[in-house]
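Asks: Sequence and computational prediction follow.
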Amino acid sequence: MGKLIRSGLPCSSCGSSDAKAEYDTNSYCFSCKATESYGKKLITKDPLPISVPSIKYSVWSKDALLWVKICGLESRDISNLGGGYSEEHDALVIPLVENNYWMRLFSSENKYHITGKKQALFLHSSSPSDTCVIVEDLRSAIKVSRVVTTLCLFGTSLPPSQWYMLDRQKRIIIWLDGDKPGVDAATKLFKKLTLRFKNVVMIKTPQDPKWYSLEEIKCHLNIH
């Protein structure tokens with residue numbers, strides 16, 4: 001693959017809302033593996049930031065606040081991860097490993113962007129737990145982590161090179177989005193993880209995890 005230009009794009013092949021990435025030579029869907037070669041390097045009219053943006057912890061745009069609050073979260077949930085709002089890029093920013101970062105952009109055709117190689121984000125629960133729930137997106141990860149330890153994929157796949165993040169978990173629950181691409185991806189991930197881990201289960205719900213209350217999340221996870 002060439003140089004990453006944008007990620008988090010919808011895929012017309014499988015219907016995923018955010019699994020497609022666009023490089024300067026081709027596009028690739030991390031859900032259905034569909035790829036398209038451009039033949040020549042792609043020049044985008046909407047370049048994404050390549051330097052670490054400056055972030056603010058208290059001054060946010062209305063769109064950024066709404067994006068967080070609409071599913072029952074608060075701005076402190078982002079700041080607790082070391083993130084904040086970048087006025088320069090009109091985006092929420094979360095730092096990742098190796099000086100990379102995740103962005104939710106509000107004034108760009110591309111809604112999501114991750115610099116460097118995509119790396120899942122491990123969120124520890126405030127309550128001790130030997131269970132880990134795997135989810136697709138950051139808001140779902142934050143919401144579920146209020147109940148149990150969570151692994152955010154930033155998509156629908158987890159490369160074997162990142163399976164080590166689950167080695168200490170006695171129980172693994174795969175809870176991806178309830179649409180067809182999410183269910184198909186969860187099924188594929190379930191089959192792969194059971195080759196290495198003994199206690200892996202998959203649950204399917206009509207809505208994404210982030211839209212449920214904490215009590216509903218506990219019920220879906222069978223945690224009392």
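Replies: That came through, no problem.
Asks: Domains in the protein, by residue range?
Replies: Listed by automatic domain parsing, the domain ranges of the chain are 4-37, 62-114, 121-221.
Asks: Quick check: Ser75 touching Trp60?
Replies: Yes - at 6.1 Å, Ser75 counts as touching Trp60 under the criterion of C-beta atoms under 8 Å. For the C-beta atoms, the positions are set from N, CA and C on the backbone; glycine is no exception.
Asks: if we can go back for a sec, will you turn the domains of the chain into JSON lines that also has mean pLDDT and mean neighbour count?
Replies: Output for these, formatted as JSON lines (pLDDT from 0 to 100; neighbours: other C-beta atoms under 10 Å):
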{"stretch": "domain 4-37", "mean pLDDT": "70", "mean neighbour count": "19"}
{"stretch": "domain 62-114", "mean pLDDT": "91", "mean neighbour count": "17"}
{"stretch": "domain 121-221", "mean pLDDT": "93", "mean neighbour count": "18"}
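Asks: Tabulate the ones you listed in a markdown table, adding columns for distance to Ile55.
Replies: What follows is these, written out as a markdown table (distance: least, C-beta to C-beta, whole Å):
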| stretch | distance to Ile55 |
| --- | --- |
| domain 4-37 | 19 |
| domain 62-114 | 4 |
| domain 121-221 | 15 |
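Asks: The spatially closest residue to Gln169 that is not a sequence neighbour: what's it in contact with?
Replies: Leaving out its chain neighbours, the residue that sits closest to Gln169 by C-beta to C-beta, 6 or more residues apart in numbering is Cys132, at 4.1 Å. Going by C-beta atoms under 8 Å, 6 or more residues apart in numbering, Cys132 touches 148-151, 166, 169, 171-173.
Asks: From those residues, which land in strands?
Replies: Those of the contacts of Cys132 mapping onto strands are 149-151, 171-173, per DSSP state E.
Asks: Report the next helix or strand after the lengthiest helix in the chain in sequence order.
Replies: Under DSSP state H, the helix in the chain containing the largest number of residues is helix 180-193. Using DSSP states H and E, the helix or strand that directly follows helix 180-193 along the chain is strand 200-202.
Asks: For the closest residue to Leu193 other than its chain neighbours, give the beta-bridge partners.
Replies: Distance criterion C-beta to C-beta, 6+ apart; nearest residue to Leu193, sequence neighbours excluded, is Val200 at 4.9 Å. Counting by DSSP bridges, Val200 forms beta bridges with Ile172.
Asks: Let's verify the residue nearest the centre of the chain: helix, strand, or coil?
Replies: When C-alpha atoms, centre = their mean is applied to the chain, the residue found nearest the centroid is Phe154 (2.0 Å). Counting by DSSP: H, G, I helix; E, B strand; the rest coil, the backbone at Phe154 sits in coil.
Asks: Now the helix or strand hosting Ile94 - C-alpha only, CSV.
Replies: Assigned by DSSP H and E, Ile94 belongs to strand 91-95. Extracted C-alpha coordinates of strand 91-95, given in CSV (Å, rounded to 0.1, in the frame of the first residue of the first chain):
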residue,chain,number,x,y,z
ALA,A,91,-11.5,17.9,15.3
LEU,A,92,-11.4,15.8,18.4
VAL,A,93,-8.0,14.3,18.9
ILE,A,94,-6.9,11.2,20.9
PRO,A,95,-3.2,10.4,21.2
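Asks: so what does that strand touch, helix or strand wise?
Replies: On a contact count with 3 or more C-beta pairs under 8 Å, 6 or more residues apart in numbering; DSSP states H and E, strand 91-95 meets helix 62-69, strand 84-86, strand 101-105.
Asks: now the first one against strand 91-95, angle please.
Replies: The one in question is helix 62-69. Using axes from the mean of the first three to the mean of the last three C-alpha atoms, to 10 degrees, the direction of helix 62-69 lies 50 degrees away from that of strand 91-95.
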